[in-house]
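Chemist: Generate a structure from the sequence data that follows.
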Amino acid sequence: MSALTPIAWIVVGYAALVAAAGAIGAALRAPRPRWLDQMAWMLELLAGVLALGALGAVAAGDRPDSMATHLGYVAALVCLVPIGLQAVRGDRGPWSSGVVAVAAVAVGVVAVRLLMTR
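Modeler: Residues are numbered from 1 along each chain as shown. I've put the predicted structure just below:
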């Protein structure tokens, strides 16, 4: 078990929480609340911590089997939430909460895949 494992599972758990909040908002057809944006940015911060840890592990000599795949997951991890929030920047409608939920699910999946490449 590497030092990244607990961080990755924290990211996965928080991503599930953000995804559930976004899905409930979309199901209720309520406008996207500002606190959901704040939760998404907190997820981005956690994903950034995981990405820095993954890059630090590579720099310390812990080489994954496929470096290109590993670095691709690191890049995707930090790009998904900003892209999702940028896509719905001017839209506070109910479906924009669904976009946040999908981005959160994607971050959770990428965090697990990042662990699998180690």
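
Chemist: how much space between the residue sitting nearest the centre point of the chain and V12?
Modeler: When the chain is reduced to its mean C-alpha position, the closest residue under CA atoms, centre = their mean turns out to be V107, at 2.8 Å. V107 sits at a distance of 8 Å from V12 (criterion: CB to CB, to the nearest Å). C-beta coordinates here come from the backbone N, C-alpha and C atoms, glycine included.

Chemist: where do the helices sit along the chain?
Modeler: Secondary structure of the chain (DSSP state H): helices located at 4-27, 34-59, 67-87, 94-116.

Chemist: Need those helices in JSON lines (columns: mean pLDDT).
Modeler: Putting the helices of the chain into JSON lines (pLDDT from 0 to 100) gives the following:
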{"stretch": "helix 4-27", "mean pLDDT": "96"}
{"stretch": "helix 34-59", "mean pLDDT": "96"}
{"stretch": "helix 67-87", "mean pLDDT": "96"}
{"stretch": "helix 94-116", "mean pLDDT": "96"}
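
Chemist: ranking the ones you listed by burial, who's on top?
Modeler: Most buried of the helices of the chain, by mean neighbour count (mean count of other CB atoms under 10 Å): helix 94-116, with a mean of 21.

Chemist: Output it as PDB, nothing but the C-alphas.
Modeler: Backbone C-alpha positions of helix 94-116 (Å, rounded to 0.1, in the frame of the first residue of the first chain) are rendered in PDB as follows:
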ATOM      1  CA  PRO A  94     -31.100  22.100 -13.000                       C
ATOM      2  CA  TRP A  95     -29.200  20.200 -15.600                       C
ATOM      3  CA  SER A  96     -26.000  22.100 -14.800                       C
ATOM      4  CA  SER A  97     -26.000  20.200 -11.500                       C
ATOM      5  CA  GLY A  98     -26.000  17.000 -13.500                       C
ATOM      6  CA  VAL A  99     -22.900  18.200 -15.400                       C
ATOM      7  CA  VAL A 100     -21.100  18.700 -12.000                       C
ATOM      8  CA  ALA A 101     -22.300  15.200 -11.000                       C
ATOM      9  CA  VAL A 102     -20.800  13.700 -14.100                       C
ATOM     10  CA  ALA A 103     -17.500  15.500 -13.700                       C
ATOM     11  CA  ALA A 104     -17.400  14.300 -10.000                       C
ATOM     12  CA  VAL A 105     -18.000  10.700 -11.100                       C
ATOM     13  CA  ALA A 106     -15.300  11.000 -13.700                       C
ATOM     14  CA  VAL A 107     -12.800  12.300 -11.100                       C
ATOM     15  CA  GLY A 108     -13.600   9.400  -8.800                       C
ATOM     16  CA  VAL A 109     -13.100   6.900 -11.700                       C
ATOM     17  CA  VAL A 110      -9.800   8.500 -12.700                       C
ATOM     18  CA  ALA A 111      -8.500   8.500  -9.100                       C
ATOM     19  CA  VAL A 112      -9.200   4.700  -8.900                       C
ATOM     20  CA  ARG A 113      -7.500   4.200 -12.300                       C
ATOM     21  CA  LEU A 114      -4.500   6.200 -11.100                       C
ATOM     22  CA  LEU A 115      -4.100   3.700  -8.300                       C
ATOM     23  CA  MET A 116      -4.300   0.800 -10.700                       C
END
